[in-house]
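Novice: turn this into a model:
(chains A and B)
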Amino acid sequence: MDYEFKKIEKKWQERWNEAKAYKASEDRSKPKFYCLEMYPYPSGKLHMGHVRNYSIGDVLARFKRRNGFNVLYPMGYDAMGLPAENAAIQKNIHPREWTLNCIELMKEQQHQMGFSYDWDRMVSTCLPEYYKWNQWIFIQFFKNDLAYKKKVPINWCKKCGTVLANEQVIDGLCWRCDTEVEEKELEQWLFNIRKYADELLDSLDDLKEWPEKVKLMQKNWIGKSVGTEIIFQVTDSELIIPAFTTRPDTLFGVTYLLMAAEHPMIPELIENSPEKEKIDTFIAKTKKKSRIDRLADTQDKDGIFTGRYFNHPLTGEKFPIFVADYVLMDYGTGAVMAVPAHDQRDFEFAKKFDLPIRVVITPDKDNPLRVEEMEEAYVDPGMVVNSDKFDGMTNENAKKAITNELKSKGLGDFSTTYRLRDWLISRQRYWGTPIPIIYCDSCGIVPVPEDDLPVVLPDDVKFTGEGNPLDTSPTFSKAACPECGEPARRETDTMDTFVDSSWYFLRYLSPDDSEKAFDSEKADFWLPVDHYIGGITHAILHLLYARFFIKALRDLGLTKISEPFKRLTTQGMVLNNGEVMSKSKGNVVDPGKLIDKFGTDSIRTFILFAAPPEKEYDWNDDGIFGASRFLNRIWNMVSDNKEILIKYGKSETTYRYETKEEKQLARAIEAATKQVTESIESLHYNTAISGMMELFNELRDFITAVSGFQTNDVQAALVSKGILRLLSLLNPFAPHITEELWEAIGGEGFISLSDWHKYDPSLLATDEITLAVQVNGKVRGQLVVSSDLSEEEIKEQAQQVPNVSKFLNGNIRKIIYVKNRLVNIVV
RNA sequence: GCGAGAGUGGCGGAAUUGGCAGACGCGCUGGAUUUAGGAUCCAGUGGGCUUACGCCUGUGGGGGUUCGAGUCCCCCCUUUCGCACCA
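Specialist: You can find the predicted model right below:
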């Protein structure tokens, strides 16, 4: 008979609510612990990924609370974004209505899961009370040169009339209407994240409790590269072309120069070229294929001679200038010095266009590389040759020497470039934060005065699926210039929703504050977040943006901290048959149905037991029966032993345990406490649960083996202690059933707010130890000895073990004893 | 191509500093019991050999270090993830 989980779970959720059991405040008498989960996009339905994410966090929050921490554990909704707008288009429902409805549904399911959030702190980013502060922060950024407007290339869908994010371009086509995406230049708003590139990179080292993998991904994304910028003089011209290189040591091996098709200097360079038309065609072709084909054929290099030459900065020699499709405008300077002997791409290009190849680095100076014999570029370190006065240097030394030479002649300098680009935040969409800017013909770009915030999203808009709905509002874009009062135009772009999520964890600290974005004092108290849990999918973008925000806010004097998240756990995805769960694949497992069938305690216990948090988990329905059975067995064990639990439950009496069974159970209780405690701390919830299962098995074995224990004070108290301990340890995982059983046996208050047990190491010690006895590393028998026996005696006894002696043959070379573990006899 | 992980029973997964591989659960097999439930309880469960005590073998493959290797070192294979012409 299953216990009545539905009734019980509802009962305790209501009790916790009424008592505001998990409310957090700035109580300075206890150490603080900020436990944060990545807030969800409110799709309306919880999916298994959410269940896993929040179960991980909830166990931690409950554990820390019971260990004397003042725990802040909030929840909110990342409520702006495209799905709401699509719902508006498809179902003719306003995004706000759709979103708020979804939030209610989602919140209801989270309540059902029994997560111990402080719901009074809930935040929804789609409300003007929240996005007002996005706008306020934007204005602070704008005033401090962290937000600026610039013409940038973007993905443009003509049919939808909107910009697309890179992820929304699929095989060069618009994800929604399959129209070919154009590259276009548009005036867009950007955040100057590059200003923080160095700090974002360097302080990764301070994040000791982040997964290396995530830090590495961020490092690669920032892509810092140190080198030299060299100025190349165009022959018979005043024009100069700067090029960035990480290999200034190969400067004497340069035999041509390459420029990106988008390079702004090209029109001037080819102005008078007889081949102008051909070059233009090539450039047009290259620009068009950019994103689409560049990904497809990264091997085939193509280019065209511009008809122009440059003079080598140190030798004065004349070399040709090419336009090449593999040179990118948005990295470095958009121009590259080509060294075919020491760069594989240049090598291939030189072969194709029959350009000279000059060896300037060689691995062995007595036996230099021969161009004729080279089948690929030599890119490793070596000795400098054919480089005038730099010959004989190691190439590492030559990097500095050659750069210094260039520097002294005003032809170059040390330089650093980054792969990281500034963060483009403009979106031509409705359901986001309006960018608080007004364009005035006479005053230019003017921020909305802070007193006029928020700039609220208008309702008089049409959702047609084409263009920015904000442009359809007859009123929104009309505004008076804040400076001169003349009629002006309001910005209709909205912000990327990653802006919302870059600081929401600060808003939780004072969600109802109408005076400021967040309370700096509270931020100093609660931040950094002690443990942040979320999907690996956000390893780069969200986590990098949030780190950037905190640093920027710090420099604005609003917070003292430099890193928002102290410890990070990226939980693995929940798959189904090896595939991501998605509506289109029809393989979504609905947690709602499972809650209904098994109860939330079983689901929580199961999902945490199934695999360690960081690992992917391929969903399998069967396993959940195990968790459900486990809880039912505990329920029955408590019911069967109710009398002794009520009688001995609160007893503090300590007893001496005499029998083997008593000693074993007493020890198992402490061992489980130790294991569960340590496993939770290291987030190995699966082994924590197996530890509790072992304790249960020990209790069951004791109850079965020792008849009449109910009437024996020592034994009844021991069983009672064991069961209570089990409930206590289980509570963070299965909070409802444990509260109910706790109450049923006369426990006072909430078990979820009771003190966590410290294990007693003295009870862990045994007076008998079992050793494995090996001969030449192979286990041949076992030896049970008293724990105070000397090493000599143990070695002696080991030889007498029945199955061991026959392998000895009398010639023992060595005996190795590993304390409490084994004896290995080498013959 | 570059970078970072991961390979353990039928399955999910355990294994302190190198120290009895397979904890715990699922599944499966056999048994008990029952107002038949995905119930409960007991026993078994890596492979091979053996009537049995036991023996051999076994953590992707191949070498090595060691009294002893899932764990450390070298080479290879498979696989997942990230980046992908970054000058």
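
Novice: any idea how far residue A:74 is from the nearest residue to residue A:559 once chain neighbours are set aside?
Specialist: Closest residue to residue A:559 apart from its sequence neighbours, by C-beta to C-beta, 6 or more residues apart in numbering: residue A:523 at 4.8 Å. Every C-beta, even on glycine, is put in place using the N, C-alpha and C of the backbone. Distance from residue A:523 to residue A:74, counting by C-beta to C-beta, to the nearest Å: 14 Å.

Novice: same thing with residue A:83?
Specialist: From residue A:83 to residue A:74 the distance is 23 Å (C-beta to C-beta).

Novice: circling back: who has more neighbours out of residue A:523 and residue A:74?
Specialist: Set residue A:523 next to residue A:74 and count neighbours by other C-beta atoms under 10 Å: residue A:74 wins out with 24 against 21.

Novice: wait, the more buried one touches residue A:121, no?
Specialist: Yes - under the criterion of C-beta atoms under 8 Å, residue A:74 makes contact with residue A:121 at 4.3 Å.

Novice: buried set for stretch A:518-526?
Specialist: Residues of stretch A:518-526 classed as buried by neighbour count (16 or more other C-beta atoms under 10 Å): A:518, A:519, A:520, A:522, A:523, A:525, A:526.

Novice: which neighbours do residue A:74 and residue A:121 share?
Specialist: Both residue A:74 and residue A:121 are in contact with A:24, A:508, where contact means C-beta atoms under 8 Å, 6 or more residues apart in numbering.

Novice: residue ranges with poor pLDDT in chain A?
Specialist: Scanning chain A with the threshold set as pLDDT under 70 gives A:1, A:165-172, A:175-176, A:289-299, A:810.

Novice: measure the residue most central in space within it to RNA strand B for me?
Specialist: Note on chain A: the residue nearest the mean C-alpha position is residue A:539, at 3.1 Å, using C-alpha atoms, centre = their mean. Distance, residue A:539 to RNA strand B, using C-beta to the nearest atom of the strand, to the nearest Å: 7 Å.

Novice: ok, now residue A:217?
Specialist: 4 Å.

Novice: what's the answer for residue A:257, then?
Specialist: 11 Å.

Novice: same deal with residue A:240?
Specialist: 17 Å.

Novice: for that residue, list each beta-bridge partner.
Specialist: Beta bridges link residue A:240 to residue A:233, judged by DSSP bridges.

Novice: got the domain ranges for chain A?
Specialist: A:6-125+A:498-593, A:139-192+A:422-495, A:227-417, A:622-764, A:768-826 (automatic domain parsing).

Novice: next up, the contacts around the closest residue to RNA strand B within the stretch 351-500 of chain A.
Specialist: When scored by C-beta to the nearest atom of the strand, the stretch 351-500 of chain A has residue A:419 as its residue closest to RNA strand B, at 3.9 Å. Neighbouring residues of residue A:419 by C-beta under 8 Å, 6+ apart: A:220, A:221, A:222, A:223, A:224, A:225, A:331.

Novice: can you tell me which of these are up against RNA strand B?
Specialist: Residues of those in contact with RNA strand B (C-beta under 7 Å from any atom of the strand): A:220, A:221, A:223, A:225, A:331.

Novice: among these, which are located in strands?
Specialist: residue A:225 (DSSP state E).

Novice: list buried residues within the ones next to RNA strand B among the contacts of residue A:419.
Specialist: A:221, A:331.

Novice: save the ones next to RNA strand B among the contacts of residue A:419 as JSON lines, and put in distance to residue A:308 too.
Specialist: JSON lines is the format used below for these (distance: C-beta to C-beta, whole Å):
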{"residue": "A:220", "distance to residue A:308": "36"}
{"residue": "A:221", "distance to residue A:308": "36"}
{"residue": "A:223", "distance to residue A:308": "31"}
{"residue": "A:225", "distance to residue A:308": "28"}
{"residue": "A:331", "distance to residue A:308": "22"}
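
Novice: with the ones next to RNA strand B among the contacts of residue A:419 in mind, which one is nearest to residue A:744?
Specialist: Distances from residue A:744 to those, taken as C-beta to C-beta, are shortest for residue A:221 (53.8 Å).

Novice: can you count the residues close to the spatially closest residue to the closest one that is not a sequence neighbour?
Specialist: The shortest distance from residue A:221 to any non-neighbouring residue, by C-beta to C-beta, 6+ apart, is to residue A:540 (5.0 Å). Residue A:540 has 15 neighbours, counted by other C-beta under 10 Å.

Novice: would you agree residue A:540 is in contact with residue A:216?
Specialist: No - when contacts are counted by C-beta under 8 Å, residue A:540 is not listed as touching residue A:216 (10.6 Å).

Novice: neighbours of residue A:209, how many?
Specialist: 12.

Novice: and it, what is it in contact with?
Specialist: Listed by C-beta under 8 Å, 6+ apart, the contact set of residue A:209 reads A:566, A:567, A:568.

Novice: could you report the separation of the second one from RNA strand B?
Specialist: Looking back up the chat, that one is residue A:567. 18 Å.

Novice: is that residue part of a helix or strand, or is it coil?
Specialist: Here residue A:567 is strand, with the state taken from DSSP: H, G, I helix; E, B strand; the rest coil.
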